[in-house]
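In: no FASTA, just this:
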């Protein structure tokens, strides 16, 4: 982490969609001639905070739409538990700091997510949930269902499902124990092993969603610690623009809450989300400037 914080983050140059679009279109064309052609093509997209997911997803949706493939973007952030349910989860596990706020696997409403995905795949009319992160003084809550986006699935060709933990798969407990022991990490060491194993166990249920994906894009960083500086840059820009934003110290605490998951699950993500379906994952590695350093299909 650098000692100074720029006033404004450097612009994110979209040098990623020229790599992603041909990859997605190749698999989409194959999908359209497969037995599953009557359902939308599902693309998962993972990237650490600040890496440029939002910029990339917008570019992908625009490009696919322009080529005659109407695209729906879903964020895993819109699938968080209701505020009351998050409070209940936190109260049930008061000793586990990973569950005291939204973010970790286990703090999403998976039954809601499954219903949404199954409605989309069956081409039934659906409504896309929305989450208000500003509600309850920043604790967040699901927006009223009347404000959810209506979707007519027959007119959706592609669904992009994006988020910081999309595609993460749980480790065997023994591997999680070894990962915590082997990594000299401040963030992993700050959490009790039972707390990490609880989240790891909750993550197993996310396989239901991951297994539905047809292709996957992994935005990776040469060094995951860049996420601290990237988030500080974003908050500095917010403070300059709106007069409000997290301090550098608050950013460190905020990112610390997510960082153990990067340490536990990113290595397997790099090896491939679909071990039995090679060629369906595109990994793009970026440098500190968020520009592409390398990419490969796996």
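Out: Thanks, I have it. Keep in mind the model is a prediction, meaning the values are calculated, not measured. Residues are numbered from 1 along each chain as shown.
In: residues in contact with residue 223?
Out: residue 288 (CB atoms under 8 Å, 6 or more residues apart in numbering). To be clear about C-beta, it is placed using only N, CA and C from the backbone, and glycine gets the same treatment.
In: Kindly report the same for the one 3 residues further on.
Out: By CB under 8 Å, 6+ apart, the contact set of residue 226 is 48, 50, 51, 288.
In: what do you get for residue 170?
Out: Here residue 170 is in contact with 200, 201, 203, 204, 206, 207, 265 (CB under 8 Å, 6+ apart).
In: What backbone torsions are found at it?
Out: phi -60, psi 150 (degrees, to the nearest 10).
In: Tell me the pLDDT of it.
Out: Residue 170 is assigned a pLDDT of 98 by the prediction.
In: One more: residue 72?
Out: With respect to pLDDT, residue 72 scores 97.
In: and it, that one's in a helix?
Out: No. Residue 72 is assigned strand when assessed by DSSP: H, G, I helix; E, B strand; the rest coil, not a helix.
In: what's the spacing between it and residue 289?
Out: Taking CB to CB, to the nearest Å as the measure, residue 72 falls 31 Å from residue 289.
In: and if you look at residue 165?
Out: 24 Å.
In: Those two: who's more crowded?
Out: residue 165 (18 against 12; other CB atoms under 10 Å).
In: ok, residue 28 - contacts?
Out: 41, 69, 157, 158.
In: Provide the secondary structure category for it.
Out: Following three-state DSSP, we place residue 28 in the helix state.
In: again, but for residue 77
Out: Applying three-state DSSP: residue 77 is helix.
In: Chain neighbours aside, what residue packs nearest to it?
Out: residue 131 (5.8 Å; CB to CB, 6 or more residues apart in numbering).
In: The one you found is in contact with residue 147, isn't it?
Out: No. Between residue 131 and residue 147 there is no contact under CB atoms under 8 Å: 10.7 Å.
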